[in-house]
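Peer 1: Provided below for reference: sequence and predicted model.
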Amino acid sequence: MEINLEEYQSLIETYAIPWGIKIIAAIAIFVIGRYLSKIIVRLLKKVMIKAKLDETISNFLGSIAQAILTVVVIIAALEQLGVNTTSVLAIFAAAGLAVGLAFKDSLSNFASGIMLILFKPFKLGDFVEAAGVSGVVENIRIFNTVMKTGDNREITVPNSQIYGGIITNFSARETRRIDLVIGIGYDDNIGTAKQLIQDIISQESRILSDPEPTIMVLELGESSIDIAVRPWVNSGDYWVVRADLLQTIKEKFDAEGLSIPYPQRDLHLHQVAA
């Protein structure tokens, strides 16, 4: 078979070289476009931060801007290849509708993410309990929220589960009340126990004087007289002060001879004549 070099040269000049240039240009547009989109998103976030926009909102809007810019870059690359982008967009729209119906949970997560951003039940850095998870909010994304637990685990929770349930924000208020129940024996003096607890609280500088701490008899239990101890502290001091109070109360009670009873039962034996 005779090879016609002129035909091969013509094919190369007609198809290979133009398409090669188009493909290289499309790849260049995609790579450079992705790089520029990341720069634009970073600049947008800086502008929003300078405008004192909430960090949660700026991160959320940044994620949306990144997604939109990525779609624009893909369309520009396809146009360079000569693809009819109008038809592609129509296909994308139809596919988007089908995908939306198939992935309605994802749309629910997206909508819930917007609601979390708008109504702000919590912000980044807050310690919350939501969807059965407790942790510090690290990031609110388009479809999910990332939280860090006390033992440094990262947990990703779908936004719909958070917004559709009960949210407890432990960081929302500047102060928190510590609720302790201290039991003493029925043979112990209530006044002595309350005064001892009062002395312990008055010596703890992290406990707030306003609102005033409450010390009162809560209940006459089966095995103990329960005393409610309710001091107020700054939210950041809650766990440390609570632990210190429990330890100090136990040590002081032991030193003063006051007992902290544990549940017990009296067993009475009756001898029955044969």
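Peer 2: Done, it's in.

Peer 1: quick one: low-confidence ranges for the stretch 101-250 of the chain?
Peer 2: Confidence mapping of the stretch 101-250 of the chain against pLDDT under 70 gives the ranges 101-104.

Peer 1: Can you spell out the domain ranges of this structure, please?
Peer 2: With domains defined by automatic domain parsing, the chain comprises 5-102, 113-169, 175-256.

Peer 1: Quick one: those as CSV, columns for distance to Gln271 and mean neighbour count too.
Peer 2: (Each C-beta comes from the backbone N, C-alpha and C, glycine too.) Putting these into CSV (distance: least, C-beta to C-beta, whole Å; neighbours: other C-beta atoms under 10 Å) gives the following:
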stretch, distance to Gln271, mean neighbour count
domain 5-102, 74, 13
domain 113-169, 55, 17
domain 175-256, 27, 15
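
Peer 1: Switch those over to a markdown table; also include distance to Val272.
Peer 2: Listed next are the domains of the chain as a markdown table, based on distance: least, C-beta to C-beta, whole Å:
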| stretch | distance to Val272 |
| --- | --- |
| domain 5-102 | 74 |
| domain 113-169 | 54 |
| domain 175-256 | 28 |
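
Peer 1: out of everything not next to it in sequence, what's closest to Val181?
Peer 2: Asp226 (5.2 Å; C-beta to C-beta, 6 or more residues apart in numbering).

Peer 1: Next up, the contacts around that neighbour.
Peer 2: Contacts here follow C-beta atoms under 8 Å, 6 or more residues apart in numbering; on that basis Asp226 touches 181-183, 217-220.

Peer 1: Can you list phi and psi of it for me?
Peer 2: Summarising the backbone geometry of Asp226 under the convention degrees, to the nearest 10, its torsions are phi -90, psi 130.

Peer 1: So it versus Thr145, what's the distance?
Peer 2: Taking C-beta to C-beta, to the nearest Å as the measure, Asp226 falls 39 Å from Thr145.

Peer 1: now swap in Ala131 and tell me
Peer 2: 9 Å.

Peer 1: Need the overlap of contacts for these two.
Peer 2: Contact criterion C-beta under 8 Å, 6+ apart; residues shared by Ala131 and Thr145: 157, 162.

Peer 1: What segments of the chain are helices?
Peer 2: 5-11, 17-50, 55-80, 85-102, 104-119, 159-163, 190-202, 238-256 (DSSP state H).

Peer 1: And those: which comes nearest Thr149?
Peer 2: Across the helices of the chain, Thr149 has its closest neighbour in helix 238-256 (14.1 Å, C-beta to C-beta).

Peer 1: Now do that closest one against helix 190-202: the angle between them, please.
Peer 2: Orientation check (axes from the mean of the first three to the mean of the last three C-alpha atoms, to 10 degrees): helix 238-256 against helix 190-202 gives 140 degrees.

Peer 1: Using CSV, write out the CA atom coordinates for helix 238-256.
Peer 2: Coordinates of the C-alpha atoms in helix 238-256 are reproduced here as CSV (Å, rounded to 0.1, in the frame of the first residue of the first chain):
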residue,chain,number,x,y,z
TYR,A,238,-17.8,26.4,83.9
TRP,A,239,-16.2,22.9,83.8
VAL,A,240,-13.0,23.8,85.7
VAL,A,241,-14.9,25.6,88.5
ARG,A,242,-17.5,22.8,88.7
ALA,A,243,-14.7,20.1,89.1
ASP,A,244,-12.8,22.3,91.7
LEU,A,245,-16.0,22.8,93.7
LEU,A,246,-16.8,19.1,93.9
GLN,A,247,-13.3,18.3,95.1
THR,A,248,-13.1,21.1,97.6
ILE,A,249,-16.6,20.3,99.1
LYS,A,250,-15.6,16.6,99.5
GLU,A,251,-12.3,17.5,101.2
LYS,A,252,-13.9,20.1,103.5
PHE,A,253,-16.7,17.8,104.5
ASP,A,254,-14.3,15.0,105.3
ALA,A,255,-12.2,17.4,107.4
GLU,A,256,-15.3,18.6,109.4
